[in-house]
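Q: Need a 3D model of the sequence below.
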Amino acid sequence: MDKFACLIGSMLFTVSAEAAVVEKVPQPGGLPDIITVTGVIGPNDDAQFNQIAATTGQAIVLLNSEGGSVLPALEIGRAIRHKGFATAVASDTLCASACALTWLAGTPRLAGQSASIGFHASYIVKNGTPSETGVGNALIGAYLNQLGLSQNAIVFVTSAPPEGMAWLSGEKANGLGLQFAAYQTNATSSDNVEAPIAPEPYDPMRVAAAFYNALSNADGVSAAALVVPDKRGIGPFNETSIHSYFGGLSVPLQLESIGRRGKDKVAVVYSYSRADGFVCKGRAEVLTAYRYGKTLISRIKALDGC
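A: Modelled structure (predicted):
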């Protein structure tokens, strides 16, 4: 039986496509403005970022993102480098995959002591068509060359594992020439501006709904970004496989109902039809976890064989 038919499930209401929230927070006393980029990076977020970036001459871009679409993340990074903005990841927050590529563009790069910055093999969709790893790495490699990264750093980033996450430690960064400065809150220097970050509430329903919305759109990038980093790229959480399977359905996945079942569990009911005529009407349990200040999916269990 198909592994996706056995492992993934869907909803009664429609959820808009995932997109990051980009906001400017002016700072007093001549300090750099802070531009926050929060959430999964979507296809048009670079345009949103550029509109806000045009309103300030000096800024720290504070990143708090699970990842998302690579091409807009690269364009945001290019805009950051062009404007001479710093990038930062605060302690106890996550900047993974596409977000980490954006963070690399900062001058300087800043990170809190317990910030989680991770790289993951990039799956790129350009003009609606998925690009193989070689094309994706070529695009990312060209971007990293523009940033002036060392050959060792480029190899590290473009050789990120297809499953799980390669985390960037201070020791690893120094060895690759990816030095970054400390980022702390409640300080007054330009390298330590107070960070306007509030903990994200634990919201299993929202994340489960967003995950199935991504499946209905065959958006493997957004779906995988909502999964705990150590399980990305594995089995039903592989971006390429999600795009291939759900993009080939004759009737896209429809999420018919969703409900909370205890603290960490969400029950979903869904349906879809395959091109071979098979009709799935199924249920699944979605298990979530609160990590890195975010609600993420840790496991999905199908209950009806599809």
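Q: Quick check: the gap between residue 227 and residue 290.
A: Plainly put, residue 227 is 14 Å away from residue 290 if you go by CB to CB, to the nearest Å. Heads up, the C-betas are built off the backbone N, CA and C, glycines and all.
Q: out of the two, which sits in the more crowded spot?
A: Legend: neighbour count by other CB atoms under 10 Å for residue 227 and residue 290, higher for residue 227 (22 against 16).
Q: List the beta-bridge partners for the more buried one.
A: Taking DSSP bridges as the rule, residue 227 bridges to residue 297.
Q: who are the neighbours in contact with residue 234?
A: If you count contacts by CB atoms under 8 Å, 6 or more residues apart in numbering, residue 234 has them with 163, 164.
Q: nope, residue 289 is what I meant
A: Shown in contact with residue 289 (CB under 8 Å, 6+ apart): 228, 264, 295, 296, 297, 298.
Q: try 10 Å
A: Neighbouring residues of residue 289 by CB atoms under 10 Å, 6 or more residues apart in numbering: 202, 204, 228, 264, 295, 296, 297, 298, 299.
Q: between those, which is nearest residue 272?
A: Using CB to CB, residue 297 is the member of the contacts of residue 289 that lies nearest residue 272, at 18.7 Å.
Q: Quickly note the distance from that closest one to residue 245.
A: Distance from residue 297 to residue 245, by CB to CB: 17 Å.
Q: What of residue 28?
A: Relative to residue 245, residue 28 is positioned 51 Å away (CB to CB).
Q: For those two, work out which one has more neighbours and name it.
A: Neighbours per residue, other CB under 10 Å: of residue 28 and residue 245, the larger number sits with residue 245, 22 against 6.
Q: host element of that one?
A: Following DSSP states H and E, one finds residue 245 within helix 239-247.
Q: Model confidence score at residue 15, please.
A: Looking at residue 15, its pLDDT is 43.
Q: Over to residue 186?
A: In the predicted model, residue 186 carries a pLDDT score of 51.
Q: What degree of burial does residue 181 show, as a neighbour count?
A: For residue 181, the count of nearby residues is 15 (other CB under 10 Å).
Q: what does residue 241 give?
A: So residue 241, with other CB under 10 Å, has 18 neighbours.
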